[in-house]
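Asker: how would this look folded up:
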Amino acid sequence: MKKSELIKVIAKKAEISNKDAEKALNATIETIIEAVANNDKIQLTGFGTFEQRQRNARTGVDPRTGNTIEIAASKVPAFKAGKGFKDIVNK
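Answerer: Residues are numbered from 1 along each chain as shown. Okay, here's the model as predicted:
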């Protein structure tokens, strides 16, 4: 499902205009991104948790040359599905 399709579904289920649904979705996404970037955790009970995780530095292999390279430590966004979400998917 693409973003435009999601907006239409949200508008229909919430009985609001597509424009209002798009504003709400964009505000939600922006809020989640800002929170995770600031190392805050967002927990939506029954849906899941958005958080920032630390990746340690590690040694990798350059596939073109076969040489070993050092991969720097980094921060990555992560999502862990909640129990309710997992249960619905597994039915």
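Asker: where do the strands sit along this protein?
Answerer: Here the chain has its strands, by DSSP state E, at 42-44, 48-55, 58-61, 68-71, 74-81.
Asker: Output those strands as TSV; include the columns mean neighbour count.
Answerer: All C-beta atoms are positioned from the backbone trio N, CA, C, and that covers glycine. Shown next, in TSV, are these (neighbours: other Cβ atoms under 10 Å):
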stretch	mean neighbour count
strand 42-44	13
strand 48-55	14
strand 58-61	10
strand 68-71	10
strand 74-81	12
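Asker: Export these to JSON lines and append columns for distance to residue 9 and mean pLDDT.
Answerer: Listed next are the strands of the chain as JSON lines, based on distance: least, Cβ to Cβ, whole Å; pLDDT from 0 to 100:
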{"stretch": "strand 42-44", "distance to residue 9": "18", "mean pLDDT": "96"}
{"stretch": "strand 48-55", "distance to residue 9": "19", "mean pLDDT": "96"}
{"stretch": "strand 58-61", "distance to residue 9": "40", "mean pLDDT": "94"}
{"stretch": "strand 68-71", "distance to residue 9": "39", "mean pLDDT": "94"}
{"stretch": "strand 74-81", "distance to residue 9": "19", "mean pLDDT": "96"}
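Asker: gap between the two ends of stretch 57-67?
Answerer: 17 Å (Cα to Cα, to the nearest Å).
Asker: got a list of contacts for stretch 70-80?
Answerer: With Cβ atoms under 8 Å, 6 or more residues apart in numbering as the contact definition, stretch 70-80 has outside contacts at 33, 36, 48-60.
Asker: Closest to residue 1 out of the residues you listed?
Answerer: residue 48 (17.1 Å; Cβ to Cβ).
Asker: Could I get the strands of the chain in JSON lines, plus columns for distance to residue 1?
Answerer: Formatted as JSON lines, those follow (distance: least, Cβ to Cβ, whole Å):
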{"stretch": "strand 42-44", "distance to residue 1": "19"}
{"stretch": "strand 48-55", "distance to residue 1": "17"}
{"stretch": "strand 58-61", "distance to residue 1": "34"}
{"stretch": "strand 68-71", "distance to residue 1": "33"}
{"stretch": "strand 74-81", "distance to residue 1": "16"}
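Asker: With residue 29 as the reference, name the closest of those strands.
Answerer: With Cβ to Cβ, the closest approach to residue 29 among those belongs to strand 48-55: 10.4 Å.
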